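Chemist: Just need the structure, nothing else, for what follows:
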Amino acid sequence: MSIDVSEHNMTSRSVPSLWRRLLAEFLGTGLLVTVVVGSGIAASKLSPGDIGLQLLENSFATALGLAVLILMLASVSGAHFNPVVTLADWFVGRRARGGFAGRDLAPYVLAQVIGGIGGAVLANLMFDLPTSLSATERVTPGTLLAEVVATAGLVLLIFSLARSGRGPVVIGPAVGAYIGSAYWFTSSTSFANPAVTIGRVFSDTFAGIAPVSVLPFIAAQLVGAVVGVLLVLALFPQRSPSR
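Modeler: Take a look at the predicted model:
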(Lines give C-alpha, C1' and ligand atoms only; values in the text may rest on other atoms or scores of the structure.)
Protein backbone atom coordinates (compact mmCIF):
# COMPACT_ATOMS: atom_id res chain seq x y z
CA MET A 1 0.00 0.00 0.00
CA SER A 2 2.64 2.68 -0.95
CA ILE A 3 4.89 4.29 -3.48
CA ASP A 4 8.38 5.30 -4.44
CA VAL A 5 9.15 8.24 -6.68
CA SER A 6 12.77 8.51 -5.68
CA GLU A 7 13.96 7.50 -9.15
CA HIS A 8 12.74 10.87 -10.33
CA ASN A 9 12.91 13.22 -7.39
CA MET A 10 15.96 12.25 -5.36
CA THR A 11 18.61 11.86 -8.01
CA SER A 12 18.49 15.44 -9.22
CA ARG A 13 18.89 17.06 -5.81
CA SER A 14 20.36 16.29 -2.42
CA VAL A 15 18.72 13.39 -0.59
CA PRO A 16 17.13 14.38 2.75
CA SER A 17 19.01 13.17 5.81
CA LEU A 18 18.27 9.63 6.96
CA TRP A 19 16.52 10.71 10.17
CA ARG A 20 14.09 12.86 8.17
CA ARG A 21 13.36 10.01 5.76
CA LEU A 22 12.82 7.59 8.63
CA LEU A 23 10.51 10.04 10.36
CA ALA A 24 8.51 10.36 7.15
CA GLU A 25 8.28 6.57 6.80
CA PHE A 26 7.28 6.17 10.45
CA LEU A 27 4.67 8.92 10.20
CA GLY A 28 3.32 7.87 6.82
CA THR A 29 2.98 4.18 7.67
CA GLY A 30 1.53 5.01 11.06
CA LEU A 31 -1.10 7.35 9.64
CA LEU A 32 -1.92 4.85 6.92
CA VAL A 33 -2.69 2.19 9.53
CA THR A 34 -4.63 4.76 11.53
CA VAL A 35 -6.75 5.46 8.46
CA VAL A 36 -7.31 1.74 7.77
CA VAL A 37 -8.12 0.77 11.35
CA GLY A 38 -9.91 3.97 12.32
CA SER A 39 -12.19 3.95 9.28
CA GLY A 40 -12.89 0.27 9.91
CA ILE A 41 -13.95 1.02 13.48
CA ALA A 42 -16.10 3.94 12.35
CA ALA A 43 -17.69 1.82 9.62
CA SER A 44 -18.63 -0.92 12.06
CA LYS A 45 -20.25 1.67 14.34
CA LEU A 46 -22.05 3.56 11.56
CA SER A 47 -23.26 0.51 9.63
CA PRO A 48 -23.68 -2.34 12.13
CA GLY A 49 -24.62 -5.62 10.52
CA ASP A 50 -23.93 -4.49 6.95
CA ILE A 51 -20.51 -5.90 6.02
CA GLY A 52 -20.70 -4.71 2.43
CA LEU A 53 -21.33 -1.12 3.44
CA GLN A 54 -18.61 -1.33 6.10
CA LEU A 55 -16.12 -2.49 3.48
CA LEU A 56 -17.16 0.31 1.12
CA GLU A 57 -16.62 2.93 3.83
CA ASN A 58 -13.30 1.40 4.86
CA SER A 59 -11.97 1.12 1.30
CA PHE A 60 -13.05 4.64 0.33
CA ALA A 61 -11.32 6.21 3.33
CA THR A 62 -8.18 4.12 2.77
CA ALA A 63 -7.92 5.02 -0.91
CA LEU A 64 -8.21 8.74 -0.19
CA GLY A 65 -5.94 8.66 2.86
CA LEU A 66 -3.20 6.74 1.06
CA ALA A 67 -3.19 9.13 -1.89
CA VAL A 68 -2.93 12.12 0.45
CA LEU A 69 -0.08 10.60 2.47
CA ILE A 70 1.91 9.81 -0.68
CA LEU A 71 1.49 13.34 -1.99
CA MET A 72 2.46 14.77 1.39
CA LEU A 73 5.62 12.73 2.08
CA ALA A 74 6.96 11.47 -1.26
CA SER A 75 9.44 14.31 -1.58
CA VAL A 76 11.00 13.41 1.78
CA SER A 77 11.35 9.62 1.82
CA GLY A 78 9.84 8.39 -1.45
CA ALA A 79 6.69 7.50 0.52
CA HIS A 80 7.29 3.75 0.53
CA PHE A 81 5.24 3.01 3.70
CA ASN A 82 5.75 -0.65 2.79
CA PRO A 83 8.72 -3.02 3.23
CA VAL A 84 8.09 -4.80 -0.08
CA VAL A 85 8.23 -1.47 -1.92
CA THR A 86 11.48 -0.63 -0.14
CA LEU A 87 12.97 -4.00 -1.09
CA ALA A 88 11.76 -3.67 -4.68
CA ASP A 89 13.14 -0.13 -4.93
CA TRP A 90 16.56 -1.32 -3.78
CA PHE A 91 16.59 -4.32 -6.12
CA VAL A 92 15.30 -2.55 -9.23
CA GLY A 93 17.65 0.40 -8.81
CA ARG A 94 20.64 -1.35 -7.25
CA ARG A 95 22.87 -0.71 -10.29
CA ALA A 96 21.58 2.76 -11.03
CA ARG A 97 23.35 5.91 -9.95
CA GLY A 98 21.45 7.41 -7.03
CA GLY A 99 19.43 4.25 -6.40
CA PHE A 100 18.11 3.27 -2.99
CA ALA A 101 21.03 2.37 -0.71
CA GLY A 102 21.14 -1.13 0.73
CA ARG A 103 22.34 0.23 4.07
CA ASP A 104 18.97 2.02 4.44
CA LEU A 105 16.85 -1.12 4.00
CA ALA A 106 16.75 -2.21 7.66
CA PRO A 107 16.14 1.30 9.08
CA TYR A 108 13.29 1.89 6.59
CA VAL A 109 11.61 -1.42 7.37
CA LEU A 110 11.98 -0.90 11.13
CA ALA A 111 10.48 2.60 10.91
CA GLN A 112 7.58 1.26 8.85
CA VAL A 113 6.81 -1.61 11.23
CA ILE A 114 6.99 0.57 14.35
CA GLY A 115 4.87 3.19 12.63
CA GLY A 116 2.27 0.59 11.67
CA ILE A 117 1.94 -0.63 15.25
CA GLY A 118 1.73 2.93 16.53
CA GLY A 119 -0.97 3.74 13.99
CA ALA A 120 -3.18 0.90 15.21
CA VAL A 121 -2.72 1.98 18.83
CA LEU A 122 -3.63 5.57 17.89
CA ALA A 123 -6.82 4.45 16.14
CA ASN A 124 -7.83 2.39 19.17
CA LEU A 125 -7.26 5.36 21.47
CA MET A 126 -9.31 7.73 19.31
CA PHE A 127 -12.30 5.38 19.53
CA ASP A 128 -11.80 4.59 23.24
CA LEU A 129 -10.98 0.96 22.54
CA PRO A 130 -8.32 -1.15 24.24
CA THR A 131 -5.24 -2.19 22.32
CA SER A 132 -5.50 -5.97 22.13
CA LEU A 133 -4.45 -8.63 19.66
CA SER A 134 -6.94 -9.35 16.90
CA ALA A 135 -8.79 -12.65 16.84
CA THR A 136 -9.68 -12.45 13.13
CA GLU A 137 -8.01 -15.33 11.32
CA ARG A 138 -7.76 -14.62 7.59
CA VAL A 139 -5.63 -17.40 6.09
CA THR A 140 -7.18 -19.57 3.39
CA PRO A 141 -5.69 -20.69 0.06
CA GLY A 142 -7.77 -18.01 -1.60
CA THR A 143 -6.66 -15.14 0.62
CA LEU A 144 -2.99 -16.09 0.25
CA LEU A 145 -3.34 -16.14 -3.54
CA ALA A 146 -5.12 -12.80 -3.25
CA GLU A 147 -2.16 -11.32 -1.36
CA VAL A 148 0.23 -12.51 -4.08
CA VAL A 149 -1.96 -10.90 -6.74
CA ALA A 150 -2.54 -7.68 -4.79
CA THR A 151 1.14 -7.17 -3.97
CA ALA A 152 2.35 -8.03 -7.47
CA GLY A 153 -0.12 -5.56 -8.93
CA LEU A 154 0.93 -2.86 -6.50
CA VAL A 155 4.64 -3.26 -7.28
CA LEU A 156 3.96 -3.36 -11.02
CA LEU A 157 1.83 -0.23 -10.84
CA ILE A 158 4.34 1.77 -8.82
CA PHE A 159 7.40 0.95 -10.89
CA SER A 160 5.68 1.01 -14.26
CA LEU A 161 4.67 4.61 -13.57
CA ALA A 162 8.06 5.54 -12.13
CA ARG A 163 10.07 3.94 -14.93
CA SER A 164 7.88 5.37 -17.68
CA GLY A 165 8.34 8.92 -16.38
CA ARG A 166 4.80 9.47 -15.11
CA GLY A 167 5.39 8.88 -11.40
CA PRO A 168 5.62 12.36 -9.91
CA VAL A 169 2.24 13.46 -11.26
CA VAL A 170 -0.08 10.47 -11.01
CA ILE A 171 1.46 7.89 -8.73
CA GLY A 172 -0.26 8.96 -5.48
CA PRO A 173 -3.81 8.99 -6.84
CA ALA A 174 -3.10 5.85 -8.90
CA VAL A 175 -1.89 3.85 -5.89
CA GLY A 176 -4.83 5.05 -3.80
CA ALA A 177 -7.24 4.03 -6.56
CA TYR A 178 -5.57 0.64 -6.94
CA ILE A 179 -5.75 -0.19 -3.24
CA GLY A 180 -9.34 1.03 -3.07
CA SER A 181 -10.33 -1.28 -5.92
CA ALA A 182 -8.22 -4.18 -4.61
CA TYR A 183 -10.27 -4.12 -1.40
CA TRP A 184 -13.05 -5.48 -3.60
CA PHE A 185 -11.45 -7.69 -6.23
CA THR A 186 -9.26 -9.66 -3.76
CA SER A 187 -10.62 -12.02 -1.13
CA SER A 188 -8.03 -10.76 1.38
CA THR A 189 -9.09 -7.10 1.01
CA SER A 190 -5.56 -6.35 -0.23
CA PHE A 191 -3.25 -5.91 2.73
CA ALA A 192 -0.26 -6.04 0.30
CA ASN A 193 2.05 -4.60 2.97
CA PRO A 194 3.95 -6.43 5.74
CA ALA A 195 4.16 -3.34 8.00
CA VAL A 196 0.42 -2.71 7.72
CA THR A 197 -0.24 -6.41 8.30
CA ILE A 198 1.77 -6.36 11.53
CA GLY A 199 0.16 -3.11 12.65
CA ARG A 200 -3.36 -4.46 12.16
CA VAL A 201 -2.63 -7.28 14.61
CA PHE A 202 -2.91 -4.73 17.42
CA SER A 203 -6.59 -3.89 16.95
CA ASP A 204 -9.29 -6.49 17.56
CA THR A 205 -11.70 -4.67 15.27
CA PHE A 206 -13.12 -4.80 11.73
CA ALA A 207 -9.67 -4.29 10.14
CA GLY A 208 -7.71 -6.60 12.45
CA ILE A 209 -5.77 -9.75 11.62
CA ALA A 210 -4.88 -12.51 14.07
CA PRO A 211 -1.19 -13.10 14.84
CA VAL A 212 -1.43 -16.64 13.45
CA SER A 213 -2.30 -15.20 10.03
CA VAL A 214 0.60 -12.76 9.84
CA LEU A 215 3.50 -14.94 8.68
CA PRO A 216 1.52 -16.62 5.87
CA PHE A 217 0.27 -13.21 4.70
CA ILE A 218 3.79 -11.75 4.72
CA ALA A 219 5.14 -14.78 2.86
CA ALA A 220 2.48 -14.33 0.19
CA GLN A 221 3.27 -10.63 -0.04
CA LEU A 222 6.97 -11.35 -0.58
CA VAL A 223 6.11 -13.81 -3.34
CA GLY A 224 3.90 -11.15 -4.89
CA ALA A 225 6.71 -8.63 -4.69
CA VAL A 226 9.03 -10.99 -6.59
CA VAL A 227 6.38 -11.54 -9.26
CA GLY A 228 5.82 -7.78 -9.52
CA VAL A 229 9.54 -7.02 -9.87
CA LEU A 230 9.95 -9.67 -12.57
CA LEU A 231 7.05 -8.15 -14.50
CA VAL A 232 8.55 -4.68 -14.14
CA LEU A 233 11.91 -5.81 -15.46
CA ALA A 234 10.26 -7.64 -18.35
CA LEU A 235 7.92 -4.83 -19.37
CA PHE A 236 10.02 -1.77 -18.43
CA PRO A 237 13.67 -2.82 -18.66
CA GLN A 238 14.89 0.76 -18.78
CA ARG A 239 13.70 3.92 -17.13
CA SER A 240 12.38 6.65 -19.40
CA PRO A 241 13.17 10.32 -18.74
CA SER A 242 10.68 12.20 -16.54
CA ARG A 243 8.00 14.06 -18.43
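Chemist: quick one: the nearest residue to residue 200 once chain neighbours are set aside and residue 216, what's the gap?
Modeler: Closest residue to residue 200 apart from its sequence neighbours, by Cβ to Cβ, 6 or more residues apart in numbering: residue 209 at 4.9 Å. Backbone N, C-alpha and C define where each C-beta goes, glycine included. Distance of residue 209 to residue 216, computed by Cβ to Cβ, to the nearest Å: 10 Å.
Chemist: So between these two, which is more surrounded?
Modeler: Taking other Cβ atoms under 10 Å, residue 209 and residue 216 do not tie; residue 209 has more neighbours (27 against 15).
Chemist: Next, the buried residues of stretch 71-87.
Modeler: 73-87 (16 or more other Cβ atoms under 10 Å).
Chemist: Now do the helix ranked longest in the chain: which elements does it pack against?
Modeler: Longest helix of the chain, by residue count under DSSP state H: helix 18-46. Contacts defined by 3 or more Cβ pairs under 8 Å, 6 or more residues apart in numbering; DSSP states H and E place helix 18-46 against helix 51-77, helix 105-126, helix 194-200.
Chemist: could you check the angle helix 51-77 makes with that helix?
Modeler: Here helix 18-46 runs at an angle of 170 degrees relative to helix 51-77 (axes from the mean of the first three to the mean of the last three Cα atoms, to 10 degrees).
Chemist: starting at the chain centroid, how far to helix 18-46?
Modeler: 10 Å (Cα atoms, centre = their mean, to the nearest Å).
Chemist: Export the helices and strands packed on helix 18-46 as TSV, with columns for mean pLDDT.
Modeler: Shown next, in TSV, are the helices and strands packed on helix 18-46 (pLDDT from 0 to 100):
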stretch	mean pLDDT
helix 51-77	97
helix 105-126	98
helix 194-200	98
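Chemist: Among these, which comes closest to residue 34?
Modeler: Among these, the nearest to residue 34 by Cβ to Cβ is helix 105-126 (4.1 Å).
Chemist: Please pull up the helix or strand immediately following that closest one.
Modeler: helix 141-163 (DSSP states H and E).
Chemist: Next, the buried residues of that following helix.
Modeler: Those would be 143-163, for helix 141-163 by 16+ other Cβ under 10 Å.
Chemist: Format the helices and strands packed on helix 18-46 as CSV; extra columns: distance to residue 42.
Modeler: Compiled in CSV, the helices and strands packed on helix 18-46 are given as follows (distance: least, Cβ to Cβ, whole Å):
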stretch, distance to residue 42
helix 51-77, 7
helix 105-126, 9
helix 194-200, 15
